[in-house]
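Enquirer: coords please:
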Amino acid sequence: QVQLVESGGGLAQPGGSLRLSCAASGFPFGIFTMGWFRQAPRKEREFVAVISRSGESTYYADSVKGRFTISRDNAKDRVYLQMNSLKLEDTALYYCAKKSASGTSLPLGAAEYDSWGQGTQVTISS
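Expert: Predicted coordinates:
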């Protein structure tokens, strides 16, 4: 079955960096768009970044644009989120997700994704 396992979260200071990783298994990773979402306490889950099947196309939420970079390694069935210049408001549980259909679109809505990891906690604090 589909499994997504995130890692790399932790505690960082404002201005610091973290790199999240998501290990995928149970499906042909290279033909699915992958996304990162996050959910802060008492807030709705929100889109962070998405990457196309080949990795050539990406899209980011305005709140992270220029600071975060999504990438993937199809040979290793992994998707990554490099987070730089971290802010207090980046504190959240971060999830990777697999898009439902194997098409070329880069959806921003959580409803377009059918499999989720358990999440990895990112806490930004001074």
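Enquirer: who's in contact with stretch 58-68?
Expert: Stretch 58-68 is contacted from outside by 46-52, 69-70, 81-86, 89-90, 106, 108, using CB atoms under 8 Å, 6 or more residues apart in numbering. For every residue, glycine as well, the C-beta is placed using N, CA and C.
Enquirer: what does the helix or strand harbouring Glu6 contact?
Expert: Secondary structure assignment for Glu6, by DSSP states H and E: strand 3-7. The set of residues external to strand 3-7 that reach it, using CB under 8 Å, 6+ apart, is 20-26, 94-98, 115-120.
Enquirer: try stretch 44-56
Expert: With CB under 8 Å, 6+ apart, stretch 44-56 has contacts from 30-39, 57-61, 64, 68, 70-72, 74, 79, 81, 94-95, 102, 104, 106-110.
Enquirer: which of those are buried?
Expert: 32-38, 60-61, 64, 68, 70, 72, 79, 81, 94-95, 106-108, 110 (16 or more other CB atoms under 10 Å).
Enquirer: could you tell me which of those residues belong to helices?
Expert: Taking DSSP state H as the definition of helices, those contribute nothing to them.
Enquirer: picking that back up, okay, and which of the contacts of stretch 44-56 map to strands?
Expert: 34-39, 58-60, 68, 70-72, 79, 81, 94-95 (DSSP state E).
Enquirer: picking that back up, so which bits of the strand holding Glu6 are buried?
Expert: Quick answer for strand 3-7 (16+ other CB under 10 Å): Leu4, Glu6.
Enquirer: what's the answer for stretch 73-90, then?
Expert: Asp77, Arg78, Val79, Tyr80, Leu81, Met83, Leu86, Asp90.
Enquirer: please apply the same query to stretch 35-51.
Expert: Quick answer for stretch 35-51 (16+ other CB under 10 Å): Gly35, Trp36, Phe37, Arg38, Arg45, Phe47, Val48, Ala49, Val50, Ile51.
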